[in-house]
Every structure is written in structure tokens, then in C-alpha cells.
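Q: dropping the sequence and predicted coords here.
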Amino acid sequence: MDRRKFIKNTSITGIAVASGAAISACNSSSENKPDVVITPKSVDKSKFPIAICTWGFVDANAAAGEALSKNKKALDAAIEGVAVEEENIKNTTVGKGGAPDRDGNVTLDACVMDSNGNYGAVLAVENITNVAALACKVMKETPHVMLAGKGAEEFGYSQGFKKENLLTEASKEALEKWKETSEYKPIINIENHDTIGMLCIDKDGDIAGVCSTSGLAYKMKGRIGDSAIIGSGLFVDNAIGAAVATGMGEEVLKTVGSFLIVELMRQGKSPQEACEEAIHRITTKNDKYKNFQVAYIAINKYGETGSYCIHEGFSMMKYQNGKNENIKSDFYNKP
Ligand code: SD4
């Protein structure tokens, strides 16, 4: 059987040709470079479960890790973890208490991807806190993958989500203060936490991910960032790995960063190398990179992880073997 046919006949769960502890590329010289395919036997499941998330969201990552330890599936655990920050009104970058757009509307973007490559997203949703769970409902209960604005909100109520005012007094005051200058200049490493992106591998070795945000503070009404967009804010391929982004969404969107990282891992790069290349893709194309932050985290099928960002100050949480650690990320912009 020739190689092309072999790949074609291979099931998506992955019969495989890779071996050893790292994903290796089948970089034959033929014009038809096959995908990396991983044999379930080469994955050491004793390393699992693992939960990683952007920034120092200790409680959110612990919640996901504990859910995974109780045998929850990767996506359910990630949604549970992210909900901790969506409900935290002190967090002005995610969910309830998130900073509004310049007209005072709190609009949330979120998406989920499961281990079968399914995707669901909601964009610019108002008055609903748990938008990652809502994105999951879009994935499971509708014939679509994305719902935006009022349609997403109404669908949420039909699914039992409650209507809440997401704009806190503190956010209102901060907006009034911002209006004194109305200078739109997204802050690098705002509050040292930001959009929450979470990637989980469950005990079975299956990968899923979630991304949830209130977007950039004082954005224009109607602005959508990367977080809910497949391939940009989040991408999961259960045969290879997953990646998730935080930071200046416009830059992530222009380089389709999370998809890029997963494809680089497919070609044999480690999660760390892939995150670095995705950041370099931005810094080489945009000489204004000193003015904004972008950060990525990634995990591969073996449970290896990586993270990289433009500016110092980003970190990743990692839960494994009952330990929940904050890991500082390496960064591009060094003096
Ligand atoms: C966005 N990436 O809407 C999100 C927001 C974020 O740091 O992560 N800010 O562009």
C-alpha cells in the first residue's frame, strides 16, 4: 500500500507511525508530506490528566484539574474551570465584571472545541455570564457553529441560562475615567491576567479546549477579537495537540495563531517551538509589536506543554499529578 493510501485508510483516532516520546514528522522528500499520526501505544497515559491555562488563574486551573481527576471528560473539565473566572466579578477581562466597550456594553466572546474536532462559539453576547458553556450548547444543540449578539443571547435563555447585568459599578467608574481621554491603547499584561484559555487532556488522553473573554477594554461597539474564532483564539486536533491565545486579538487573527501552532506540532515541532514560531510570525510582520502583547500556550498528545509571548510578564498554569503550578513564560522582546 502506498503512503497516501495508508494515511487515507487510517482512522481519525490514529493508527500510527510515530514512535518515541516526541511527535516526529514524517518528512519524507515526496511532495505528499503525510500528517503526523500518533499511535495510542506511544502515549504514556500515566501522565494524564493535565490542565493548562493562560495567566495565573490558579483557582480556575485547579477546578479543571480536580474535575479531570474525577474522570470528567476534557471539555467538561475545561468549561468548569473557565466558569470560575467567568463568575469572578473582580476579573475585568472575562465574564461578569468584564470591561465594557466604549459605549458601556459588556460583550463576551467564547468558544469550545472537543476531542472530535467539533467547535461551538458565541460572539458579542450580552447579559449571560457562562459563555463557554453557552458556546458548548451552540456546538451540541444547534445545526450551527457560531451564534452572535441577540441571537446567541436568546438561544441562551432558551437553554436555561439566566439574564444578568454584567456591568459592575467598578467597571462603570473605570469607563467614565477612560472617557476623560478616550485614548484606546490596550494595556500590556492588564492586571497580570486576561483572557482565559484552557486546554485539558483527560485520563483517556483526549484533548479539548476553551477560550472565554470580554475582549479588549473600551473596544468599538461590535468589535470581535480572536478568542471565539476557530484557529485563531483556539484550535484542537486530538491526534496532535491544541493551542490557545491571549492578548491583542487582531494580531492573532491575522496570523491564525492557534491553528498555526497545531500545524507546526503536526510537522514535528515541540509545543514550545511552535509557540515561539507563532510569536515570531507576528513580530516579523508587525514592527509595532512593542506596543502590544500576544501570548500562546500549547500542549501535544504526549502531554508536553509550551508557552511563549512577546513581552515579559505572561505565565501559564499547569495542573498535573495533583500539583497546580504557575510557570513563567519566556518572551521575545528582550533588551
Ligand atoms: C481579544 N484576545 O479580544 C482577546 C483579549 C485578550 O489580552 O486576550 N486580551 O482580543
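A: Thanks, I have it. None of these values were measured; they are calculated from a predicted model. Numbering: from 1, shown residues only.
Q: what sits against residue 153?
A: 125-128 (Cβ atoms under 8 Å, 6 or more residues apart in numbering). In this view, the C-beta of every residue, glycine as well, is placed from N, C-alpha and C.
Q: same question, residue 294
A: Here residue 294 is in contact with 245-248, 251-252, 257, 279, 282, 309-310 (criterion: Cβ under 8 Å, 6+ apart).
Q: top of the residues you listed by neighbour count?
A: residue 245 (34 neighbours; other Cβ atoms under 10 Å).
Q: check that residue and give its pLDDT.
A: We have a pLDDT of 97 for residue 245.
Q: so it lies in a helix, does it not?
A: No - with DSSP: H, G, I helix; E, B strand; the rest coil as the criterion, residue 245 is assigned strand and is not in a helix.
Q: one step back: wait, which of the contacts of residue 294 is closest to residue 164?
A: Using Cβ to Cβ, residue 246 is the member of those that lies nearest residue 164, at 24.1 Å.
Q: now do the closest one against the ligand, distance only.
A: 4 Å (Cβ to the nearest ligand atom, to the nearest Å).
Q: ok, that residue to residue 314 distance?
A: 8 Å (Cβ to Cβ, to the nearest Å).
Q: give me the common contacts of those two.
A: 54-55, 293, 295.
Q: closest one of those residues to residue 302?
A: residue 54 (20.9 Å).
Q: that closest one contacts residue 195, doesn't it?
A: Yes - using Cβ atoms under 8 Å, residue 54 makes contact with residue 195 at a distance of 6.4 Å.
Q: who touches both of those two?
A: Joint contacts of residue 54 and residue 195 (Cβ under 8 Å, 6+ apart) are residue 246.
Q: residues of this protein that sit close to the ligand?
A: 194-195, 213, 215-216, 225-227, 246-249 (Cβ under 6 Å from any ligand atom).
Q: now those as TSV including secondary structure?
A: Formatted as TSV, the residues of the chain next to the ligand follow (three-state DSSP):
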residue	secondary structure
194	coil
195	coil
213	strand
215	coil
216	coil
225	coil
226	coil
227	coil
246	strand
247	strand
248	coil
249	helix
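Q: now do the domain split for the protein, please.
A: For the chain, the structural domains run 1-35, 45-331, going by automatic domain parsing.
Q: what's near enough to touch the residue of the stretch 51-200 of the chain found nearest the ligand?
A: Nearest to the ligand, among the residues of the stretch 51-200 of the chain, is residue 195, at 3.1 Å (Cβ to the nearest ligand atom). Taking Cβ under 8 Å, 6+ apart, we find residue 195 in contact with 54, 93-94, 211-213, 227, 233, 245-247.
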